[in-house]
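Q: give me a model of this one.
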Amino acid sequence: MTLYAIGDIQGCDCAFKRLIDEISFDPKNDHLWLVGDLVNRGPDSLGVLRRVMRLKENATVVLGNHDLHLLAVAAGVRKADPTDTISAVLEAPDSDEILDWIRQQPLLHHDPHTKRVLVHAGLPPFWSVAEAIQHAREINEQLQCTNWRKSLKTMYGNEPNIWSKKLNGKERRRFTINALTRMRFCDKNGQLNFDHNCKPGLQPSELLPWFDVPGRLNQDNHIVFGHWAALGILSRTDITALDSGCVWGGTLTAIPLEPRGGKVTVNCASIIDR
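A: Here you go, the predicted structure:
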């Protein structure tokens, strides 16, 4: 069996199919980890979702910020952006089934045997993995309840941008969503910064990639994530970063995690003007 991790697909179903073919994916023996942002910006979000749903137990998915945005638009708590390409999902005859499936997907997946974590953007530096699991579970319980639409109303906003155990429910949930699905840079105290999405090294000197903050409490686990196209592919003993900018005309990437292997990429046509 080979476990592959695949980066942000963002509605690029043709590239996704080509990548699956390129790795000779065998559903009888192989498994996929998908880092989230299955949808939006690319031309065929509906095709991606249906393809992933057909994989059933052969794929583990975590939600990204674009996947949550789709739910918010579907719930009527957020208007679609001009750059959104999710209308086909919302208008599909099986839209309710698809949205229900999305709501069942976690924000975080942890394999305690291999000490690997799958998440869209990363883990806050001063959360342990156990804390991250706990707070992610709270979000998933909200998304899976009958009143899920109401829970999405408080999702948007950049504050609070630093963790405190004193945060109330809405504040705590917003911080959790922002950290797990939007985070890139923070300062040495773990304060999140959403103003910069550049390649590391080009940011203001007081900011660090979340995974390089000194004293990070979750560095004993291997964290697999996407979200950060400017970062690109980065493979270290403690992290694997997988967003290689497919929707920007980069590549879609798969990396074998078990057994460990070299990256496999397919080229993507540029969908978005820079």
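Q: so how far is residue 61 from residue 53?
A: 9 Å (C-beta to C-beta, to the nearest Å). C-betas here are computed from N, CA, C, even on glycine.
Q: need the contact list for the residue lying closest to residue 243 once chain neighbours are set aside.
A: Leaving aside its sequence neighbours, residue 243 sits nearest to residue 226 (C-beta to C-beta, 6 or more residues apart in numbering; 4.0 Å). The contact partners of residue 226, taken as C-beta atoms under 8 Å, 6 or more residues apart in numbering, are 7-8, 35-37, 64, 120-121, 241-243.
Q: make JSON lines out of those residues and add secondary structure.
A: Formatted as JSON lines, the contacts of residue 226 follow (DSSP: H, G, I helix; E, B strand; the rest coil):
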{"residue": "7", "secondary structure": "coil"}
{"residue": "8", "secondary structure": "coil"}
{"residue": "35", "secondary structure": "coil"}
{"residue": "36", "secondary structure": "coil"}
{"residue": "37", "secondary structure": "coil"}
{"residue": "64", "secondary structure": "coil"}
{"residue": "120", "secondary structure": "coil"}
{"residue": "121", "secondary structure": "coil"}
{"residue": "241", "secondary structure": "strand"}
{"residue": "242", "secondary structure": "coil"}
{"residue": "243", "secondary structure": "coil"}
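Q: okay, strands next: where are they in the protein?
A: Along the chain, counting by DSSP state E, strands occupy 3-6, 31-34, 59-61, 108-111, 116-119, 185-186, 192-193, 208-209, 222-225, 234-235, 239-241, 251-258, 264-267.
Q: closest one to residue 202 among those strands?
A: strand 185-186 (10.4 Å; C-beta to C-beta).
Q: walk me through which strands that closest one pairs with, and which way each runs.
A: strand 192-193 (antiparallel), strand 208-209 (antiparallel) (DSSP bridges).
Q: what lies in contact with it?
A: 124-125, 192-193, 196, 203, 207-210, 213.
Q: show me which of these are buried.
A: 124-125, 192-193, 203, 207-210, 213 (16 or more other C-beta atoms under 10 Å).
Q: looking at residue 53 and residue 61, which has the bigger crowd around it?
A: The residue with more neighbours, out of residue 53 and residue 61, is residue 61; 23 against 15, by other C-beta atoms under 10 Å.
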